[in-house]
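>>> sequence unknown, structure follows:
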């Protein structure tokens, strides 16, 4: 097996496609957002990526069938719009720095060949406390894009994120520069403690205007309510019993989304 | 030396062989089960695998002789049955994700050449508490196999194992799909605290029916009794003296099996 | 992408150039010193190095633009002096031992081709307590250089640093020997707790005499005052409130310089 | 630079040479023993090994000169004996499992070409408590060697060392089998808390009889006395002041030998 195995089930011909990345990360914001968009737009899977840079693991699906942990790419053709869309989602990011670089570089190779010149990477910006009205922070590869994003309400704030952007959402921008890509990273503010569908929603609200698509947020909002119920119960339990015995419940939070 | 050195002492010609993996893991369930079957069926060793992906270590045998840590393959020819058998056992799994992928991929290469099309991987499913009647959980590469396994009492339970299957028992299934293999992972429920011959026995009870072999469980049961005696003594000591001074005894448990 | 990508924006012709390294490390002494010298001498950037050996990360600049973490090289041509100058600075050192070796070896290749035969590496020598009058410790590749450095006040002290020199500041000397380079490591004493512009200044005081340049220390001293103010406030807070609630302030110290 | 750089300053012609390894490890027993033998026999250095598998570090010598961390090989020609001798000593072992395998394999390549067929690896066997009369434990590649070693007082004890032999002292035996080498590992019992010249002495007492050499133990015994004095002072300090403030003294112990 090669270090990174890319299998195409189809080689679609795409019209000036925009590439959208949403891999797991802080609050799983990017993954929730990208997967929701894939669902809403009925995007079609056409690439499977498996790699020694991922954890050595299979996922067991509800029916008992297994599949290797992987990244997957989807596309949407839009006859009535200027740009088709390509998505990257998956179970994991690369587990080592080398893996991160090699995987992002490979993905850029793939999307370059598909004709992509514009990238949106989606992620969470963990601030360590609960957020009432999450902002969408941005970072980008050129000033024109920053101006466009500001008009859509994206916040470009000096010193945020202070430590830069780690992982695929950052590398695709940074390495993308070498490939001549114009890219934006959209980061929804989140506590970072739980998966955060609400942060995913605010990120999507920006993105859909840019992509000119209509989606409904029902499924994301339902997930957000589930999280709220669990956190509320956790708070009750802490009040009544002290913090013991909560671990179990808290774990539930990891599964939603 | 190559990254993975495979040395054949013999290249057996095998009849539609079934491949069975039992490397160290949770409760050493898979290793105990596979080694017991090798003993009972008087399987013949024919492959030694050493690799830079294993720990840099030699094993010192009881007579003072050393050997590199390794994985080993065994075979059984069965003139009266449809399928011969091939086994993989060993001292360690690969120590890095890369090593895990490279080793599983190499093993699949070897068994593919031997004509294998069906795989059983054996392991433990750690549940963090003592188990009275361990179930055998399963995961597989196709629905037909799942149906067959269910008939033998294997439990396919939504969300178990929730985190997927990590290591060789999972990768051989996942990568095996690329090689066109039909595979099942059988996992014996175990606390995960000690080596667990009883979990190995329930796994074997399923497997022997599928392989159509007769074995006795004497040696495994003897090991289980030894574990029971030590855990009973540990409980006594804890009751009488508090938990101190138990570390030593607890270590004994690591050596059995 | 290659393991180490070196991009030249210019291939300057340099006169017997001296190479000066100042990457991040203990107290960021080397980085502060080298960057200050680059500013003062208006050195020109001509090389960008990105690599899978760096963290998988982009830096977000104040204007919201991103760039990959990188190392950078600068040069200064000096018509009135015998030696031109070449600098190496950057965001990170290699994250693995392998990365450290590969990156230092590559840099030596580059500077060898530029005609470099003499190297100064700059760093901090952490002593775990506040220092009133930081010494500059030295280590070098030949006795003649040690003699010269001693005349400039550099201390060569048996058993200091006892554990050797770890990272690029050491490797460039050690690997440099293979390339026939004459090299000195200058280490400013520092507590190692904070970034330390004062230690950077004492290192520079030695180096500028050797390089025969005039610089002013205004900017470094300003940074040192900022650090002093913050540490003073920290001390006050500890006296008044005990050590809690100080973490936040302490973090500020990481950002200066 | 290559992954492992081997530089020969000389290619000696050796008569049926025996190879002796003493790299850093538990109690630095092997290193102390091998270096003492090199001193006593006035062995000549002929190989330097530097590698990306070692820590990225230079050693600063007492005169302020630096050198890369390395492994070194020495030889002794003995006109009056059947076997010449080859030694391997150094600052570090490989830092990763891969590095350990690659380095041991490379060393075996070198000594194979020198005509070596017999190997002694020297190490410590850490037992976690002070030892009055350290035994020398053994492990070997064939029964004839075990018999010979037993006659010299070496203990081959079932289950000791229970966890096998980790690092170069083990790998050279295990990989050596592939090269057709006959090898013994001699392990001096040691607490494992301090460097242990006394354990090195008992190991050497066995080895010198096998190699038929005369050495004096003066220098080793002097080091052992220094250790004793420091440990005695430590005990005093603990009695008088409690365990605080001892850290500093305890560190001294790391430097001797």
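That came through, no problem. Note that the structure is predicted; figures quoted are calculated from it, not measured. Residues are numbered from 1 along each chain as shown, chains lettered A, B, ... in the order given.
>>> count of neighbours near the closest residue to chain D within chain A?
Residue of chain A nearest chain D, by CB to the nearest CB: residue A:96 (12.4 Å). The C-beta positions use only the backbone N, C-alpha and C, and glycine is treated the same way. For residue A:96, the tally of surrounding residues (other CB atoms under 10 Å in any protein chain shown) stands at 17.
>>> Low-confidence ranges, chain A, go.
A:240-257 (pLDDT under 70).
>>> Longest helix in it, please.
helix A:218-241 (DSSP state H).
>>> List the buried residues for it?
Using 16 or more other CB atoms under 10 Å in any protein chain shown as the burial criterion, the residues of helix A:218-241 that qualify are A:219, A:220, A:223, A:224, A:226, A:227, A:230, A:231, A:234, A:237.
>>> just the helices in the stretch 151-257 of chain A please.
Along the stretch 151-257 of chain A, the stretches classed as helices by DSSP state H, counting those that start in this stretch are A:168-178, A:197-211, A:218-241, A:247-255.
>>> Could you list the domains of chain A?
With domains defined by automatic domain parsing, chain A comprises A:4-215, A:218-257.
>>> and those, which is most packed in?
Ranked by mean neighbour count, these are led by domain A:4-215 with a mean of 20 (mean count of other CB atoms under 10 Å in any protein chain shown).
>>> Give me the contact status of it with chain B.
Yes: residues of domain A:4-215 contacting chain B under CB under 8 Å from any CB of the partner chain: A:5, A:50-60, A:62-69, A:95-96.
>>> Restricted to strands, list these.
Applying DSSP state E to these, the entries found in strands are A:5, A:50, A:51, A:57, A:58, A:59, A:60, A:66, A:67, A:68.
>>> ok, which pair from those is furthest apart?
A:5 and A:60 (20.9 Å; CB to CB).
>>> residues in contact with residue A:44?
A:10, A:12, A:74, A:75, A:76 (CB atoms under 8 Å, 6 or more residues apart in numbering or on different chains).
>>> three-state assignment of the third one?
What it means is residue A:74. Under DSSP: H, G, I helix; E, B strand; the rest coil, residue A:74 falls in the strand class.
>>> Do I have it right that it meets residue A:89?
Yes: counting by CB atoms under 8 Å, residue A:74 does reach residue A:89; the two are 7.3 Å apart.
>>> Quick check: neighbours shared by these two?
By CB under 8 Å, 6+ apart, the residues touching both residue A:74 and residue A:89 are residue A:38.
>>> picking up where we left off before, select, out of the domains of chain A, the one closest to residue B:190.
Smallest distance to residue B:190 across the domains of chain A (CB to CB): 17.5 Å, for domain A:4-215.
>>> so how far is the closest one from its chain's centroid?
4 Å (CA atoms, centre = their mean, to the nearest Å).
>>> end to end, how far does it reach?
By CA to CA, to the nearest Å, the extent of domain A:4-215 from end to end equals 34 Å.
>>> Identify all contacting residues around the helix or strand encompassing residue A:35.
Secondary structure assigned from DSSP states H and E places residue A:35 in helix A:29-41. Residues outside helix A:29-41 that contact it (CB under 8 Å, 6+ apart) are A:20-25, A:43, A:74, A:76, A:85, A:87-89, A:121-124, A:169, A:187-188, A:190, A:195-197, A:199-201, A:203-204, A:207-208, A:213, A:215-217, A:219-220, A:223, A:257.
>>> Redo the ones in strands among the residues of domain A:4-215 next to chain B as TSV? Include distance to chain C.
Putting these into TSV (distance: CB to the nearest CB, whole Å) gives the following:
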residue	distance to chain C
A:5	18
A:50	19
A:51	14
A:57	20
A:58	25
A:59	23
A:60	29
A:66	28
A:67	25
A:68	22
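>>> need the contact list for residue A:56.
Here residue A:56 is in contact with B:94, B:97, B:100, B:101, B:104, B:166, B:167, B:168, B:170, B:171 (CB under 8 Å, 6+ apart).
>>> What of residue A:179?
With CB under 8 Å, 6+ apart, residue A:179 has these contacts: A:108, A:112.
>>> swap in residue A:174?
By CB under 8 Å, 6+ apart, the neighbours of residue A:174 are C:50, C:57, C:58, C:66, C:67, C:68, C:69.
>>> so the fifth one touches residue C:58, yeah?
It stands for residue C:67. Yes: in this structure, residue C:67 is within contact of residue C:58 by CB under 8 Å, at 6.4 Å.
>>> Could you find the closest non-adjacent residue to residue A:4?
Nearest-residue entry for residue A:4: residue A:51, 4.4 Å, with adjacent residues in sequence omitted and distances by CB to CB, 6 or more residues apart in numbering or on different chains.
>>> Then residue A:16?
Residue A:16 sits nearest to residue A:83 (CB to CB, 6+ apart), 5.1 Å away.
>>> Using the three-state scheme, assign that neighbour.
Following three-state DSSP, residue A:83 is assigned to coil.
>>> Please tell me how far it sits from residue C:163.
57 Å (CB to CB, to the nearest Å).
>>> and what of residue A:30?
For residue A:30, the distance to residue C:163 equals 42 Å [CB to CB].
>>> Equivalent analysis for residue A:212, please.
Residue A:212 is 60 Å from residue C:163, by CB to CB.
>>> go on, residue A:147?
According to CB to CB, residue A:147 and residue C:163 sit 51 Å apart.
>>> do stretch A:134-154 and chain C meet at all?
Yes: in terms of CB under 8 Å from any CB, part of stretch A:134-154 sits within range of chain C, namely A:138, A:139, A:140, A:141, A:142, A:143, A:146.
>>> Straight-line length of that stretch, end to end?
Terminal residues of stretch A:134-154 lie 11 Å apart, using CA to CA.
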